[in-house]
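K.L.:
this is a predicted model, with the sequence first.
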Amino acid sequence: VYLVRFETVGPRGDDATLEWDFGDGTVGKGPRPTHVYFQAGDYDVVLKSGNAAGDLPPYRTHVHVWPAPGNTSPLTLAAATASLA
């Protein structure tokens, strides 16, 4: 589980019209949503403002969610402790 917090900056429409597409098939609303990604990977996130004038284009960004850290080193804390003993 990966928790990500998004936040709008700069000119935007009414906060109630802000719509987020988190790139994993889910959506959210508001100026500062938090979102949970259940898998590591690359996601294209799109923020749309439903302002009446339609003069704000969608904002797009790319999010990379790293996999959970694993034991990639032969020198784990347990191995280092055992070797010092």
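P.N.:
Yes, it's here. Numbers count the residues shown, from 1 in each chain.
K.L.:
the helices in this protein, which residues?
P.N.:
77-84 (DSSP state H).
K.L.:
which helix or strand in it has the lowest average pLDDT?
P.N.:
For the chain, using mean pLDDT, DSSP states H and E, the weakest element among its helices and strands is helix 77-84, scoring a mean of 71.
K.L.:
leaving out chain neighbours, which residue sits closest to Tyr2?
P.N.:
Spatially, and ignoring its direct neighbours in sequence, Tyr2 is nearest to Tyr37 (4.3 Å; C-beta to C-beta, 6 or more residues apart in numbering). (C-beta placed from N, C-alpha, C; glycine too.)
K.L.:
should've said Thr17
P.N.:
Gly50 (3.7 Å).
K.L.:
mind listing what the one you found touches?
P.N.:
Contact analysis of Gly50 by C-beta atoms under 8 Å, 6 or more residues apart in numbering lists 13-14, 17-19.
K.L.:
for Val45, state which of these is nearest.
P.N.:
Glu19 (11.4 Å; C-beta to C-beta).
K.L.:
the residue nearest to that closest one when sequence neighbours are not counted: how many residues sit nearby?
P.N.:
Distance criterion C-beta to C-beta, 6+ apart; nearest residue to Glu19, sequence neighbours excluded, is Lys48 at 4.7 Å. Applying other C-beta atoms under 10 Å, we find 17 residues neighbouring Lys48.
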